[in-house]
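# Prediction below, plus the sequence it came from.
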Amino acid sequence: MTEIYTCGIAFILEGDTEKIFYYRVLCYFVEQHPGAKIVKCTDKANGETYYSVQYGERNVLIKFNVVGTISQITHSVSWFQNRCYKKHRGLKWKVFLCYDTDSYNNDIGKFYEGDWKELRKSIEKNRNCSVTDLAAQADIEDIMLLDSDGVFKYLDMLPVPIPNGKKGKRKMKKIFRMKGSGYAYHEGNRAVSLIDSLDFKKIISLSDIPFSEVEKSLLD
């Protein structure tokens, strides 16, 4: 039997670390609503992993596209058109673009130009599709470090001042090295246990990223 969804959410992300982080954001919001649950599914036709969030009469389809490098916009366009919009015709879609600005003094203006502009146009020209930016300054690790106490607790370290540096990834690597030899920060799937240990209530309250748009799309 074909699953009936009330709407769809698509995340287009730079890498696996972002995917794990935003999946955990979804889990956090689901946990805040008694009766809501997130279900992992597999598309038998292509092996793609996707999710649904079920809450009352709502059944929200969730899909993730990790592009490896955010410059591969053409792949993202075809993925959304074929795996999301055309595969689930008639569904209202909210697309979240999850990327790093790479610097504290970079705004998101450049993500409205060139290939990014074409990506937005391709999505928004479709009926019932909209785009929201979830832009981290400067790395996703900067957002993770909003719960620096959680990072130190994960490493079983006493809190110390966050190391200097322009990018969160470098800061995170320095913190892991402080723990001693044999400790190194790893991105992607090897960061799962670290991300799972973070206080997302704290991170969401301190971040400028509009996480509330994710919750609204999921559960309102």
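Arrived safely, thanks for sending. Residues are numbered from 1 along each chain as shown.
# What helix or strand is the residue of the chain most remote from its centre located in?
Computed with CA atoms, centre = their mean, the maximum C-alpha offset from the centroid of the chain is found at Ser181, amounting to 30.8 Å. When elements are defined using DSSP states H and E, Ser181 is found to belong to no helix and no strand.
# Next up, phi/psi of it, please.
phi -60, psi 140 (degrees, to the nearest 10).
# tell me the pLDDT at it?
If you check Ser181, the pLDDT there is 85.
# quick one: Gly168 and Ile143 touch, right?
Yes: shown here, Gly168 and Ile143 form a contact pair, counting by CB atoms under 8 Å, at 7.3 Å. Where you see a C-beta, it was placed from the backbone N, CA and C, and this is true even at glycine.
# Who has more neighbours out of the two?
Of the pair Gly168 and Ile143, Ile143 is the one with more neighbours under other CB atoms under 10 Å, namely 25 against 21.
# how about the more buried one, secondary structure?
The local conformation at Ile143, judged by DSSP: H, G, I helix; E, B strand; the rest coil, is helix.
# Could you give the number of residues near the nearest residue to Thr49 once chain neighbours are set aside?
In space, not counting the residues next to it along the chain, Thr49 is nearest to Thr42; the distance is 5.8 Å by CB to CB, 6 or more residues apart in numbering. A count of neighbours around Thr42, defined by other CB under 10 Å, yields 10.
# Any buried residues in stretch 86-101, and which?
By 16 or more other CB atoms under 10 Å, the buried positions in stretch 86-101 come out as Lys87, His88, Leu91, Trp93, Lys94, Val95, Phe96, Leu97, Cys98, Tyr99, Asp100, Thr101.
# Look up phi and psi at the closest residue in space to the third one that isn't next to it in sequence.
The spatially closest residue to Leu91, leaving aside those adjacent along the chain, is Gly8, at 4.7 Å (CB to CB, 6+ apart). Listed backbone geometry of Gly8 is phi -130, psi 150, with angles given as degrees, to the nearest 10.
# State the distance from Ser205 to Ile175.
Plainly put, Ser205 is 22 Å away from Ile175 if you go by CB to CB, to the nearest Å.
# Looking at these two, which is more packed in?
Comparing Ser205 with Ile175 by neighbour count (other CB under 10 Å), the higher total belongs to Ile175, at 22 against 10.
# Can you give me every residue that contacts the more buried one?
Contact criterion CB atoms under 8 Å, 6 or more residues apart in numbering gives Val151, Phe152, Leu155, Met157, Ile162, Pro163, Tyr185 as the residues in contact with Ile175.
# the helices in this protein, which residues?
Under the criterion DSSP state H, the chain carries helices at the ranges 16-31, 73-79, 114-124, 140-144, 148-154, 168-179, 192-196, 200-206, 211-219.
# winner for burial among those helices?
Ranked by average neighbour count under the criterion mean count of other CB atoms under 10 Å, the helices of the chain are headed by helix 140-144 at a mean of 24.
# So for that helix, mean pLDDT?
Per-residue confidence for helix 140-144 averages out to 95 on the pLDDT scale.
# Which of the helices of the chain sits closest to Ile62?
Nearest of the helices of the chain to Ile62, taken as CB to CB: helix 16-31 at 6.7 Å.
# now that closest one: how far from the chain's centre is it?
On the basis of CA atoms, centre = their mean, to the nearest Å, helix 16-31 is displaced by 6 Å from the centre of the chain it belongs to.
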